[in-house]
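Provided below are the primary sequence and the corresponding predicted coordinates.
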Amino acid sequence: MQTIRSTTCLALASTLGLCGLLAPATVRAGDIGYFKEGDCATTAGDYAARIANAGHTPVALGDLSPASLAPLDGLVLAQGCNATFSGISAAVDDAVANGMSLFLQVQDIPLGSTATLRLPGLATLAVSDGCSLDVSLAAGSPIASGPGGSVEDSNLDNPSLCGLTGWADASALPAGSTRLLVDAAVASNVGAFAYAYGNGRVVLSMDQIMYSMTGGRLATSHPRAGSDAYITNTIAWLMPKAPIATCASEGYTGTKLTWCRNICEMGYTGATLDMWIHRWINRYRDLPYCAQEGGGEEEPPPQET
């Protein structure tokens with residue numbers, strides 16, 4: 001949506017005591033839950049800030065019950081901190097199948113090259129435990145840039161702290177998977193990847209990056225410059241895209257819908273825009289949502305047919 005800047009219409013608004021500048025349509029954030037299980041509660045960093053920076057609304061969860069998961073658009077789940085992670089619960093599996101996106105970060109996976117994890121839609125994903133001090137973005141990784149900033153091979157590493165703590169062989173990934181992070185020495189060792197399941201999507205990330213993001217236990221002693229950017233960008237890329245507010249989505253109908261579109265969505269400028277603003281103010285004595293302070297967070301407008 002455009003930002004409208006018209007001297008005449010702003011003067012009209014000022015004359016009527018309407019002080020809100022004409023603003024771009026707002027982007028409505030999704031509700032993204034976050035849950036840090038076990039030791040993760042005190043060792044993993046500030047997921048709420050990462051979710052907010054990704055453009056969504058963080059929701060702290062006290063449990064992973066179906067009732068807690070039902071209203072969510074997405075879930076950030078930290079599990080396996082200093083405890084072996086083997087799989088997600090049936091409630092999380094069902095929520096993903098029904099359309100929730102899941103960002104799952106785990107530190108400790110079962111030892112041995114024949115270990116398996118139980119993930120949404122994947123009963124037995126073969127994984128290997130390990131320690132990669134040299135983490136790289138996978139070729140074409142979609143999280144290299146985003147609202148968190150740049151993620152680069154150079155800012156994913158700490159010389160004395162494992163980046164990846166496990167990986168799946170590229171050949172074992174679900175069909176259509178998107179690789180995010182790999183071991184620089186062996187690019188087929190995929191430490192973070194995304195895949196679709198049912199109506200939802202999943203990112204599995206086997207790492208210690210949750211420790212080195214802001215608020216994490218090792219953020220100061222073992223800093224990793226790209227930690228915040230990696231987690232923020234991954235959330236932003238994975239989670240459902242927030243819809244942009246429109247005249248229709250804001251509830252306008254009839255003449256109000258037509259006039260709102262002329263002001264907010266048609267791209268009119270100058271005298272044409274001023275005419276529609278003037279007409280709107282004369283009839284309704286207010287401004288359409290895109291011109292109101294807060295960019296459309298007001299009460300629903302009255303309906304007109």
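Everything's here; your move. Residues are numbered from 1 along each chain as shown.

Could you name the helices and strands sitting against the helix or strand hosting residue 230?
Assessed by DSSP states H and E, residue 230 sits inside helix 227-238. Contact here means 3 or more C-beta pairs under 8 Å, 6 or more residues apart in numbering; DSSP states H and E; on that basis helix 227-238 packs against helix 47-53, strand 74-79, strand 101-106, strand 145-146, strand 149-150, strand 200-206, helix 209-212. All C-beta atoms are positioned from the backbone trio N, CA, C, and that covers glycine.

Next, the buried residues of the helix or strand just after the first one.
The one in question is helix 47-53. Sequence-wise, the next helix or strand downstream of helix 47-53 (DSSP H and E) is strand 57-60. Within strand 57-60, the residues scored as buried using 16 or more other C-beta atoms under 10 Å are 58-59.

in its sheet, what does strand 57-60 sit against?
Neighbouring strands of strand 57-60 in its sheet, by DSSP bridges, are strand 31-36 (parallel).

Following the chain past the partner strand, name the next helix or strand.
Toward the C-terminal end, the helix or strand that comes next after strand 31-36 (DSSP H and E) is helix 40-43.

Grab the CA positions of that following helix and hand them over as PDB.
C-alpha atoms of helix 40-43 as PDB (Å, rounded to 0.1, in the frame of the first residue of the first chain):
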ATOM      1  CA  CYS A  40      16.200 -24.400  27.600                       C
ATOM      2  CA  ALA A  41      14.100 -22.100  29.800                       C
ATOM      3  CA  THR A  42      17.300 -20.700  31.400                       C
ATOM      4  CA  THR A  43      19.900 -21.300  28.700                       C
END
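
How about stretch 143-153, which residues are buried there?
Residues of stretch 143-153 classed as buried: 143-144, 146, 148-149, 151-152 (neighbour count, 16+ other C-beta under 10 Å).

Helix or strand for residue 277, just tell me which one.
helix 270-284.

show me where pLDDT drops low in this protein?
1-28, 113-114, 241-244, 293-305 (pLDDT under 70).

out of all of them, which strand in it is the longest?
Determined from DSSP state E, the single longest strand within the chain is strand 122-132.

Mind giving me the packing neighbours of that one?
If you count contacts as 3+ C-beta pairs under 8 Å, 6+ apart, strand 122-132 packs onto strand 115-119, strand 164-169, strand 189-197.

The first one: how far from the chain's middle?
Meaning strand 115-119. For strand 115-119, the separation from the chain centroid amounts to 25 Å (computed by C-alpha atoms, centre = their mean, to the nearest Å).

do the same with stretch 131-149
On C-alpha atoms, centre = their mean, the centre of stretch 131-149 falls 16 Å from that of its chain.

cool, stretch 93-112 as well?
16 Å.

Stretch 206-224 now?
Relative to its parent chain, stretch 206-224 has a centroid offset of 20 Å by C-alpha atoms, centre = their mean.
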